[in-house]
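S.K.: Provide a 3D model corresponding to the input given below.
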Amino acid sequence: MYWTSARPDRVVRALRGLVLGLLLGPLGVSGSAAADCDAEADVLSRAQCSGVLRIGVRSDYPPFATTQRGEPSGFEIALARRLAAGLGLQPQFHPVTPANRIAALADDRVDLVIATMGHTVQRDAEVRFVRPHYYQSRTVVLGDRRRVVATPAAIAGQTVCVSVGNSTNAELAERGANLMLFASAQQLVDQLELGACRLAAQDDSLFAPHLLRAEFAARHDIKFGFSPQAWGVAVRPQQGERLAARLSPLLRELHADGTLLALAQTHGVDTRFLLAEQARWRAPPCAAGDTAFSDPRCVAAPHDSHLQPTPIAPAVQRLEDWLQAQAGLELALPMLKTRIGLELFLQGIAYSLLLVAGAVIATLACSAGFALGLAARSAWLRWPLRLLLLTAQSTPLVLLMLFAGLLLSSWGSISAPGALATAVLVLGLFNGSSGGQAVAESRDALRGAGLPAGLRDGLRQARAQLVAFAVNATRGSPSASLIGVPELLSAQTDIASFTGERGFSFALLLVFYMAVVSTVVWLGRRWLERAP
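M.R.: Prediction:
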């Protein structure tokens with residue numbers, strides 16, 4: 001699928017061949033080469049020969065690029081038309097996505113890409129970015145106006161909705177945010193409007209058109225921004241040098257004469273970056289000369305989104321490659337290859353083990369407490385405990401955990417230790433209420449049989465049920481991620497948010513919890529076997 005403004009017929013092609021023979025002579029390309037449209041020629045020569053510039057653009061990202069009545073429109077589309085006109089070529093638009101835009105260049109399906117692509121150090125190895133850049137975005141955290149999150153430090157303990165694969169998700173995870181994953185960026189807007197997400201993080205260009213809507217802006221605002229990233233026109237690293245060299249002066253002129261600024265205003269795009277660029281490219285040393293396109297005073301450095309590797313990253317990569325080559329097994333271990341991934345992984349294991357141990361102890365302690373309280377002589381103690389017992393047994397664990405999280409957040413920001421203590425208490429009450437009832441019923445049965453019926457006797461008689469409730473507490477521990485406990489489920493979710501790998505990570509999570517539950521079951525059986 002593509003869109004084009006015109007298709008030259010044979011007569012036009014013949015005339016163009018004569019004209020290009022004159023135009024391309026000074027550039028070192030013969031008229032015969034232009035007429036033949038040599039496939040081995042550089043990108044600019046082939047485009048000038050055909051009269052068409054193939055441009056990769058997005059079709060689903062207003063106001064930068066979208067499709068209306070079958071025709072492309074938006075800020076980037078308007079820029080693409082200006083650049084093609086400056087080269088004397090007709091634009092032919094090919095829809096691309098963030099996932100395939102670089103591949104489209106590499107496979108020679110397009111001559112250049114103008115598709116909301118941030119200039120990063122990592123992408124410099126795959127494409128050639130044309131300087132100057134035409135836009136700059138940043139990642140912003142946006143959410144309910146009633147929620148105060150003024151600084152990046154305040155994001156700790158907050159649940160933030162993000163899309164899978166964004167490198168800046170790692171920065172949020174590193175600051176202690178609890179990340180909720182969605183497959184696409186547009187889903188973030190939908191979930192914000194539905195109220196399912198109170199905070200969301202994404203490129204500010206995604207939220208810009210929605211903030212122009214009065215209803216959306218009345219409910220949501222930008223809390224803070226970070227990680228600025230310039231957007232650039234990209235061409236092939238090989239055979240794209242001459243095209244890039246021709247595009248750079250055109251972009252400088254579009255900045256300096258205010259054309260880009262006017263296009264942004266027309267399409268509702270933020271103009272702060274473009275205002276600064278206009279002033280920069282109108283004045284020395286950027287206003288003239290080819291050296292300006294590599295001068296740090298004129299052009300922004302690429303953003304470095306590389307995550308610091310672990311010392312064992314090369315060995316892990318070799319293991320993955322060996323398993324792929326020998327067994328065809330696509331094993332991915334992202335939690336072992338980056339420093340932040342490994343830190344989150346180890347922290348998740350530690351918190352999970354603390355959570356399980358605390359939940360088991362709290363379950364046994366609450367069981368004893370409920371057993372004593374339910375048998376108390378004072379009605380002032382028995383009836384509140386029975387009400388608490390009814391509440392705990394009739395409410396799903398997830399709802400209890402969420403309610404406890406809301407209470408905790410109402411007292412201020414949620415710390416990891418505070419969330420852990422709250423989760424242990426909820427798991428203990430949820431399972432210990434039933435455990436206490438089982439102990440109380442065992443004591444009643446012992447009394448009915450004329451046997452000793454103290455608390456210790458009741459606990460001994462109900463030990464099988466207590467082991468079952470301790471196992472239930474272990475199985476329910478991942479629900480603690482809902483209130484900000486950085487246990488392993490939460491850690492694996494955060495890791496997947498910036499690595500994009502979810503399959504093996506969550507399979508590993510399954511194995512971990514199977515091992516933990518099996519250990520609790522084994523310990524419980526040992527207790528049952530040893531108890532008199």
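
S.K.: switch to C-alpha atoms for all contacts and neighbour counts from now on
M.R.: Noted.

S.K.: Can you check the pLDDT for Val299?
M.R.: In this model, Val299 is scored at 94, pLDDT.

S.K.: Touching, it and Phe293? I think so.
M.R.: Yes: here Val299 reaches Phe293: they are 6.6 Å apart, a contact under CA atoms under 8 Å.

S.K.: Residues contacting stretch 433-449 from elsewhere in the structure, which ones?
M.R.: Stretch 433-449 is contacted from outside by 363-364, 366-372, 374-375, 389, 392-393, 452-455, 457-459, 461-462, 465-466, 469, using CA atoms under 8 Å, 6 or more residues apart in numbering.

S.K.: so what's Leu344 closest to, chain neighbours aside?
M.R.: Closest residue to Leu344 apart from its sequence neighbours, by CA to CA, 6 or more residues apart in numbering: Ala491 at 5.4 Å.

S.K.: For that neighbour, which three-state class applies?
M.R.: helix (DSSP: H, G, I helix; E, B strand; the rest coil).

S.K.: For it, grab the count of nearby residues.
M.R.: 28 (other CA atoms under 10 Å).

S.K.: How about Ala416?
M.R.: By the criterion of other CA under 10 Å, Ala416 has 18 neighbours.

S.K.: Next up, the contacts around it.
M.R.: Ala416 is in contact with Gly157, Gly484, Val485, Pro486, counting by CA under 8 Å, 6+ apart.

S.K.: now, which of those sits nearest Gln202?
M.R.: Lowest distance from Gln202 to those (CA to CA) belongs to Gly157, with 18.3 Å.

S.K.: Hmm, the closest one is touching Gly484, no?
M.R.: Yes: under the criterion of CA under 8 Å, Gly157 is in contact with Gly484, at a separation of 5.4 Å.

S.K.: More neighbours: those two, which one.
M.R.: More crowded of Gly157 and Gly484, by other CA under 10 Å: Gly484, with 26 against 23.

S.K.: so where's this structure uncertain?
M.R.: Applying pLDDT under 70 to the chain picks out residues 1-36, 38-40, 412-414, 500, 529, 531-532.

S.K.: State which helix of it is the longest.
M.R.: Scanning the chain for the helix with the most residues, using DSSP state H, yields helix 339-374.

S.K.: just checking, what packs against it?
M.R.: helix 379-394, helix 416-448, helix 455-461, helix 463-475, helix 488-499 (3 or more CA pairs under 8 Å, 6 or more residues apart in numbering; DSSP states H and E).

S.K.: repeat that for 6 Å
M.R.: Counting contacts by 3 or more CA pairs under 6 Å, 6 or more residues apart in numbering; DSSP states H and E, helix 339-374 is packed against helix 416-448, helix 463-475, helix 488-499.

S.K.: Now do the last one against helix 339-374, angle only.
M.R.: Going back to what we said before, that points to helix 488-499. If you take axes from the mean of the first three to the mean of the last three CA atoms, to 10 degrees, helix 488-499 sits at 160 degrees to helix 339-374.

S.K.: How about the second one?
M.R.: Calculated by the same axes, to 10 degrees, helix 463-475 forms an angle of 150 degrees with helix 339-374.

S.K.: related to what we said a few turns ago, please verify my assumption that the residue nearest to Leu344 contacts Leu346.
M.R.: No: contact status for Ala491 versus Leu346: not in contact, 8.7 Å apart, counting by CA atoms under 6 Å.

S.K.: sorry, back to before: looking at Val299 and Phe293, which has the bigger crowd around it?
M.R.: Phe293 (21 against 18).

S.K.: and the gap between that one and Thr271?
M.R.: Plainly put, Phe293 is 21 Å away from Thr271 if you go by CA to CA, to the nearest Å.

S.K.: Ok, Leu455 next?
M.R.: For Leu455, the distance to Thr271 (CA to CA) stands at 73 Å.

S.K.: quick one on the thing from earlier: among the contacts of stretch 433-449, the buried ones, what's the PyMOL command?
M.R.: A single PyMOL command selects the buried members of those (16 or more other CA atoms under 10 Å):
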select buried, resi 363+364+366+367+368+369+370+371+372+374+375+389+392+393+453+455+457+458+459+461+462+465+466+469
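
S.K.: tally of neighbours for Asp265?
M.R.: Quick fix: residue 265 is Gln, not Asp. 13.

S.K.: What helix or strand is it located in?
M.R.: If you go by DSSP states H and E, Gln265 is part of helix 259-267.

S.K.: tilt between the longest helix of the chain and helix 379-394?
M.R.: Going by the same axes, to 10 degrees, helix 339-374 makes 140 degrees with helix 379-394.
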